[in-house]
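[1] next input, structure requested:
(2 chains)
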Amino acid sequence: MVHAFLIYTLRAPHAEDTGFCRVLYSCVFGAEKSPDDPRPHGAERDRLLRKEQILAVARQAESMCRLQQQASGHSSVDLPPQSSDEPASLHEAPHGAFRLAAGDPFQEPRTVVWLGVLSLGFALVLDAHENLLLAEGTLRLLARFLFDHLRLLAPSANLLLRADRVEAILARFLPHGQLLFLNDQFVQGLEKELSAAWPL
Amino acid sequence: MFTPAAESLLRQAREIQDEELSRFCSRVVKLLQKDPGAEAVDALRRLFLIVSATKYGRKLEKPCVDLLQATICSPACPEQLQLLCAAILREMAPSEGLNLSCDHIQKSRTLSLAASVLLAQGDRQDEVRSVGQRALHLLEARQTEGPGPRALLPVVSKVVSLAPGTLPEAQADMLHRRLVDWLRYASVQQGVAQPSRGFFSAPRTRQPGPVTEVDGAVATDFFTVLSTGQHFTEDQRLNVHAFSMLRTWLLFSGPASRDASDADDRSELEGSTLSVLSATSATASHLLPPQQQLRAGAFEYCQRLLEQSTRRALRKGDSDLQKACLVEAVLLLDVLCRQEPSFLYRALSCLKALLGRLCGDPAQARTLLPIARFLLSHGEAAAVDSEAVCQHLFTSVLADLFPNPMLAFEFAQFCRDSLHLFNPDQGTFKLSFPNLFKLLAWHSPALTSEFVVLLPALVDASTAVEMLHTLLDLPCLTAALGLQLSRSSPTASERPLWDVSLRPTSCLEGFRDPEFQGLFQYLLRSKAGGATKRLAPLHHLLQPMASCARVVQCAQAVPTLLQVFFAAVTQVASGDLSAQLALVLLERSNSLFQVPQYEAQVHRVMSSQLLALCRLRPALVVELARDLLEFVGTVSGIRSRESMFTAVVWAIGEYLAVSYDRRCTVEQVNRFFEALEALLFEVTQSRRSATLPPYPPQVVTVLMTTLTKLASRSQDLIPRVSLLLSKLRALPQGPAMGSVPRDEDTDAIRMRATELTNLLKMPSVAQFVFTPGMEASTPRFHRDANTALPLALHTVSRLVDREAGLLPA
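    Numbers count the residues shown, from 1 in each chain, chains lettered A, B, ... in the order given. Down below sits the predicted model:
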């Protein structure tokens, strides 16, 4: 099962260390059990910890993406935008996985699958022994739908104030963090349903 | 895409003050109550951004929170508003002011929304159990109309994965039965399109046909996730959701205690049930308890998926799904065989049938890994096949498919998880380290932490020396792999494998040159155990590629791995092996691939490990006396490997003594003394030169100290040392460059020379100080006033040099 989904910013591979990796959106599906904390403001501390965990994952995924792009000789993140060719370009996009040990930063050991598309990164935080082929496919699917439905290729695109659409996409394709085995026709059906309920 | 406008929006959201926020909350309340339209949506979107943009908690007004909760629970509200309200409450979790309860929720969609908020609370008030109860209650109520169960299955799945084994048996059984229905008895006719609502819509004239397989043929058996059609019925959608949650459900729905006690019985059964127990099929399964029914149904589903995965899909998305289904089916078979050993025989025969086809297809490499894991874990019956698959994986798959990052990660994970299952006699795993290192060389940032765990398991006394050489040559391997890949796909339109500004044409030519063939073949070998070769010519040839990003990344990982290697090898190293490893360190210290900063870092590790080896086996110094003498023979070697030189000289000083090895002779001590004395002379000469930069003071002091130690053991040498030391005490300042550190260096040298001279004035004390023997490591040595070393030193210094004032009175 998926523990969290996040969208974060990617800086160009050879850029100087300006700016930060920002988490633009994150959704945690069911939290780890909170430790028994008798001190006051335990809930706030807990929330702070969760946000920090997500940020730590984003930073690590971002640096993995940059290192991979440097290693493969790309000098910049920007591939020419191809609106009709998304499936092909997504298969070429930098992607990978890495493991998070127990306690660092989550209580249980977890695996992160990440994908970098233009200057946005997408990541899924999974349980340690999850079906990575399915997770990778789901991540690409989510990225494709987010790019299409939020028109993220347009120059003035902004996903910060469009959380409702992101939630709608997640509710259909990753409900409560459940990875779904969706064949092509099924996906098309869900897409039609999404477009009907949420006109572009 | 992250424009400055977005950056400032984020900052505004973070900097909004409490009063402004509470005003905004009241506005949200008003909008939601009055007119839940576009303005309300916009306001909620902003509220979501405000809450989620900061990691510090935001306090929302109570009426606002209550209204958000009410919006989730009222079925009439549009989906857009409900999703936003749930998202806001979830972002604030865990929050203490929440009084959302799922106990009275009747609609599954509402429960799904509420669950996303409640399950994020961290189970402080047992929310997980209450959500689970409610979801199962609604499922039991058999709302067959509408998409009820479909919304609840992910909730149930999440609940059991968060709190395994806590479901009451009766409710679990109910769901077992329904899951079997959905999995095995979904309709095999395609669904109908939603009827269009137009006034003039034509009546439906055509009945929908049967569902098809992914290759277009009509479906031959029951409906699965690999069956397609133009439209789907509700039970077919439930089939998809039921399969998606099946593994989690099978793993976590049973009570935890029951599985543990049966585990021992099960493992015995497994060995003996291969042929005897008959297979249970779902058609006869109404006689079985619900959990067994589900397992039987799941088994048949897996078999069907394995068959369906052999078809050639028409669409790429379906072909990717086939691979994912294959993996899932194998993972499910593993779970099922652990729970019901009687399935093992049929599972093995299904998988064997697949293996031949999969091994021949490079695109299916990732699906082989779970199959190999299955065969390794299910023991004796599968032994032959598991060995063949492992051979294929560790040789062909690694050699051909190492560039794929996901395969590399999954392979490393497979190795990690299967460490205890690899047969040590076969040696497939241990001897394949040259191939495994290709993964590391190509994907070092992602895989270094995995290999820190794998390396100790790969270390073996028979291949340790070869492994050390391979680790030191890892960046070279990265460059060679790059050349190999570029040669196998030389078209210019391909994405470049490295930065195009470096033009390694000479390297490519060298790769094809017969002169270097042997060396490249050795570097790119698949198996360990052959004769080792020195790769110094390749270091020169591949020099242009040394600043490629990938090579540099690999070079940064090597020092860590060397430390791990030595920590593991010292556990298994005999005396001979330690000597061989020490020789490798000495030999390779000036034969490394020249990646920027690589040499310095590796030298640091090498010097500390050499000292560690000597500490473990002090006799090493005497055994390797000739090689060490050669190492310190010339002054030209010092600059390029200063840390190694210092370590070697230190080791000589410490361990070249009869107390460590009876074979140490006076001649040996004298030979070393002469060599080091000559070196010290040359080194100190250079300090006077204005053109050469002086050697660091550590070099001088370690030489002085070692010479003094040797003299303390062979006392004829004391006059010579004293002469040397007195010259050093009279050392003039170096060429004045106006910087303070220069003076400190000379002062340090002078101070050390003085201390050593003082010690030598009392030869027996010097011997005691410099060759304390093994007792020095016991605490008593330092507490007992008669033997304590620091006291002795203090006394000596004060006796000999009263007026020097070197130590506080």
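
[2] can you pull the buried residues of stretch A:177-192?
    By 16 or more other Cβ atoms under 10 Å in any protein chain shown, the buried positions in stretch A:177-192 come out as A:177-187, A:189-191. C-betas here are computed from N, CA, C, even on glycine.

[3] identify the farthest-apart pair in those.
    The largest separation in the buried residues of stretch A:177-192, counting by Cβ to Cβ, is between A:177 and A:185 at 24.0 Å.

[4] mind naming the longest helix for chain A?
    In terms of residue count, the longest helix belonging to chain A (DSSP state H) is helix A:42-71.

[5] so which elements touch that one?
    strand A:2-9, strand A:23-28, strand A:95-100, strand A:110-117, strand A:120-127, helix B:444-458, helix B:549-572 (3 or more Cβ pairs under 8 Å, 6 or more residues apart in numbering or on different chains; DSSP states H and E).

[6] picking that back up, need the buried residues of stretch A:177-192 in JSON lines (columns: distance to residue B:31).
    Formatted as JSON lines, those follow (distance: Cβ to Cβ, whole Å):
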{"residue": "A:177", "distance to residue B:31": "31"}
{"residue": "A:178", "distance to residue B:31": "33"}
{"residue": "A:179", "distance to residue B:31": "36"}
{"residue": "A:180", "distance to residue B:31": "35"}
{"residue": "A:181", "distance to residue B:31": "40"}
{"residue": "A:182", "distance to residue B:31": "36"}
{"residue": "A:183", "distance to residue B:31": "42"}
{"residue": "A:184", "distance to residue B:31": "41"}
{"residue": "A:185", "distance to residue B:31": "40"}
{"residue": "A:186", "distance to residue B:31": "37"}
{"residue": "A:187", "distance to residue B:31": "35"}
{"residue": "A:189", "distance to residue B:31": "34"}
{"residue": "A:190", "distance to residue B:31": "31"}
{"residue": "A:191", "distance to residue B:31": "31"}
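
[7] looking at chain A, which helix or strand does the model trust least?
    Comparing helices and strands within chain A by mean pLDDT, DSSP states H and E singles out helix A:86-92 as the least confident, with a mean of 66.

[8] run through the buried residues of stretch A:177-192 and flag the ones next to chain B.
    The subset of these lying close to chain B, counting by Cβ under 8 Å from any Cβ of the partner chain, consists of A:177-187, A:189.

[9] how about those residues in JSON lines, adding secondary structure and pLDDT?
    Compiled in JSON lines, these are given as follows (DSSP: H, G, I helix; E, B strand; the rest coil; pLDDT from 0 to 100):
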{"residue": "A:177", "secondary structure": "helix", "pLDDT": "94"}
{"residue": "A:178", "secondary structure": "coil", "pLDDT": "95"}
{"residue": "A:179", "secondary structure": "coil", "pLDDT": "96"}
{"residue": "A:180", "secondary structure": "coil", "pLDDT": "96"}
{"residue": "A:181", "secondary structure": "coil", "pLDDT": "96"}
{"residue": "A:182", "secondary structure": "coil", "pLDDT": "95"}
{"residue": "A:183", "secondary structure": "coil", "pLDDT": "91"}
{"residue": "A:184", "secondary structure": "helix", "pLDDT": "92"}
{"residue": "A:185", "secondary structure": "helix", "pLDDT": "92"}
{"residue": "A:186", "secondary structure": "helix", "pLDDT": "92"}
{"residue": "A:187", "secondary structure": "helix", "pLDDT": "94"}
{"residue": "A:189", "secondary structure": "helix", "pLDDT": "91"}
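
[10] go through the residues you listed and say which is closest to residue B:627.
    residue A:179 (58.6 Å).

[11] contact partners for the closest one?
    Taking Cβ atoms under 8 Å, 6 or more residues apart in numbering or on different chains as the criterion, residue A:179 is in contact with A:1-2, A:130-131, A:134-135, A:138, B:244.

[12] what's the average pLDDT for stretch B:49-69?
    When pLDDT is averaged over stretch B:49-69, the result is 89.

[13] try stretch B:4-21
    The average of the pLDDT scores along stretch B:4-21 is 88.

[14] what does stretch B:75-90 give?
    Averaging the model's pLDDT scores along stretch B:75-90 yields 90.

[15] which of the residues in it are buried?
    Within stretch B:75-90, the residues that qualify as buried are B:77, B:80-90, counting by 16+ other Cβ under 10 Å.

[16] secondary structure and distance to chain A for these - can I get that in TSV?
    Compiled in TSV, the buried residues of stretch B:75-90 are given as follows (DSSP: H, G, I helix; E, B strand; the rest coil; distance: Cβ to the nearest Cβ, whole Å):
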residue	secondary structure	distance to chain A
B:77	coil	13
B:80	helix	5
B:81	helix	8
B:82	helix	10
B:83	helix	4
B:84	helix	5
B:85	helix	10
B:86	helix	8
B:87	helix	5
B:88	helix	9
B:89	helix	12
B:90	helix	8
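
[17] low-confidence regions, the stretch 301-450 of chain B specifically.
    Within the stretch 301-450 of chain B, the set of residues satisfying pLDDT under 70 comprises B:379-384.

[18] residue numbers of it in contact with chain A?
    The interface of the stretch 301-450 of chain B toward chain A, taken as Cβ under 8 Å from any Cβ, is made up of B:315-318, B:320-321, B:323-325, B:327-328, B:331, B:366-367, B:405-406, B:409-410, B:413, B:417, B:443, B:445-446, B:449-450.

[19] please redo it, this time with the cut-off set to 7 Å
    Applying Cβ under 7 Å from any Cβ of the partner chain, we find that the stretch 301-450 of chain B lies next to chain A at B:315, B:317-318, B:320-321, B:323-325, B:327-328, B:331, B:366, B:405-406, B:409-410, B:445-446, B:449-450.

[20] select only the buried ones of those residues in PyMOL?
    The following PyMOL command selects only the buried members of these, with burial defined by 16+ other Cβ under 10 Å:
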select buried, chain B and resi 317+318+320+321+323+324+325+327+328+331+366+405+406+409+410+445+446+449+450
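
[21] which of the residues of the stretch 301-450 of chain B next to chain A fall within strands?
    Filtering these for membership in strands, criterion DSSP state E, returns an empty set.

[22] can you give me the helices in the stretch 151-300 of chain B?
    Assignment of helices within the stretch 151-300 of chain B using DSSP state H, counting those that start in this stretch yields the ranges B:169-184, B:234-252, B:256-272, B:290-308.

[23] ok, residue B:117 - how many residues close by?
    The number of residues packed around residue B:117, counting by other Cβ atoms under 10 Å in any protein chain shown, is 26.

[24] in which helix or strand does it reside?
    Under the assignment given by DSSP states H and E, the secondary-structure element containing residue B:117 is helix B:108-118.

[25] who are the packing partners of that helix?
    If you count contacts as 3 or more Cβ pairs under 7 Å, 6 or more residues apart in numbering or on different chains; DSSP states H and E, helix B:108-118 packs onto helix B:62-73, helix B:79-91, helix B:127-140, helix B:148-162.

[26] winner for burial among those helices?
    Mean neighbours per residue, mean count of other Cβ atoms under 10 Å in any protein chain shown, is largest over the helices and strands packed on helix B:108-118 for helix B:148-162, with a mean of 25.

[27] check the offset of that helix from the chain's centre.
    On the basis of Cα atoms, centre = their mean, to the nearest Å, helix B:148-162 sits 31 Å off its chain's mean C-alpha point.

[28] with stretch A:149-165 instead?
    Average the C-alpha atoms of stretch A:149-165, do the same for its chain, and the two points are 15 Å apart (Cα atoms, centre = their mean).

[29] for residue B:696, what are its contacts?
    Applying Cβ atoms under 7 Å, 6 or more residues apart in numbering or on different chains, one finds that residue B:696 lies in contact with residue B:642.

[30] go with 8 Å
    Contact criterion Cβ under 8 Å, 6+ apart gives B:642, B:745 as the residues in contact with residue B:696.

[31] and it, how far from chain A?
    Taken as Cβ to the nearest Cβ, to the nearest Å, the spacing of residue B:696 relative to chain A amounts to 32 Å.

[32] so residue B:563 touches residue B:605, yeah?
    Yes - using Cβ atoms under 8 Å, residue B:563 is in contact with residue B:605, at 6.1 Å.

[33] this completes my enquiry, with thanks.
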